[in-house]
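*Asks:* with the sequence up front, the predicted model follows.
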Amino acid sequence: MFIIDIDDTQERNFVNNLINKIINSRILMSSISAVLKQAVSDRFRDESDGTSKWVPLSYETIRSRRDVVSHRKNMNNAKTEKGKESNQGKMISSMGSVKMLQDTGTLRRSVDEWYNNNEAGIGTNVEYAEYQQLGTKYIPSRPFISLNAREEDKIANLAIKYLERSY
């Protein structure tokens, strides 16, 4: 009988290492969630879906925001009976922005990323987020959770580099 004995220890170790990296990819998922979070931050900053600008605010929306801010500033400057400034308008000092989806900053601040060993994601618990993301009959779609081709490539490259470290 003729027997050929091949030492495949190195190959087995490589495959086992690769399998472990795929099963326990928390480090990769953490990096991907950071890319997702940055993408959303970029959407708010650029007021775009990553490729196209959002539909501008209507004149009525801009005017109403400015009217509200003007009213709140007047309230903020009012004096109380004791001669101290009123606190009524202080919490709203950043409200009234003409930047889209950022009137109060609630939506932007609510976006949070998450990850575990096998998944990475991003989302918000703000009730009106869906209407802003997808649009309605009266509200144009302004997708703030989206990836463009550059960000998709970045995620793919992160995965490739992560797996290449198995060699």
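*Replies:* Sure, I can see it. Bear in mind the structure is a predicted one, so any value in this text is a computation, not a measurement.

*Asks:* for the record, mean pLDDT for stretch 23-31?
*Replies:* Stretch 23-31 shows an average pLDDT of 90 in the prediction.

*Asks:* what sits up against that stretch?
*Replies:* 21, 115-120, 158-159, 162 (CB atoms under 8 Å, 6 or more residues apart in numbering). The C-beta positions use only the backbone N, C-alpha and C, and glycine is treated the same way.

*Asks:* any idea which element the closest residue to Val55 other than its chain neighbours lies in?
*Replies:* The spatial neighbour of Val55 that comes closest, neighbours along the chain excluded (CB to CB, 6 or more residues apart in numbering), is Pro140 at 3.9 Å. Counting by DSSP states H and E, there is no helix or strand that carries Pro140.

*Asks:* which of the contacts of stretch 23-31 are buried?
*Replies:* Among the contacts of stretch 23-31, those buried by neighbour count (16 or more other CB atoms under 10 Å) are 115, 120, 158, 162.

*Asks:* look up how far Leu36 lies from the residue nearest to Val55.
*Replies:* Here Pro140 is placed at a distance of 23 Å from Leu36 (CB to CB, to the nearest Å).

*Asks:* per-domain residue ranges of this protein.
*Replies:* 26-53+100-167, 57-98 (automatic domain parsing).

*Asks:* before we move on, the earlier item: more neighbours: Pro140 and Leu36, which one.
*Replies:* More crowded of Pro140 and Leu36, by other CB atoms under 10 Å: Leu36, with 22 against 13.

*Asks:* now do the contacts for that one.
*Replies:* Leu36 neighbours (CB under 8 Å, 6+ apart): 113, 120-122, 147.

*Asks:* which helix or strand lies directly C-terminal to the lowest-mean-pLDDT helix or strand in the chain?
*Replies:* Taking mean pLDDT, DSSP states H and E as the measure, helix 59-77 is the helix or strand of the chain with the lowest mean score, a mean of 70. Counting by DSSP H and E, the element after helix 59-77 in chain order, helix or strand, is helix 106-110.

*Asks:* so what's Tyr115 up against?
*Replies:* Applying CB under 8 Å, 6+ apart, the residues contacting Tyr115 are 26, 29-30, 32-33, 121.

*Asks:* which among these gets closest to Asp8?
*Replies:* For the contacts of Tyr115, the closest approach to Asp8 (CB to CB) belongs to Arg26, at 29.0 Å.

*Asks:* which residues of this structure score low on pLDDT?
*Replies:* Counting by pLDDT under 70, the ranges of the chain that qualify are 68-97, 166-167.

*Asks:* in it, where's the longest helix?
*Replies:* Longest helix in the chain by number of residues, with DSSP state H as the criterion: helix 26-46.
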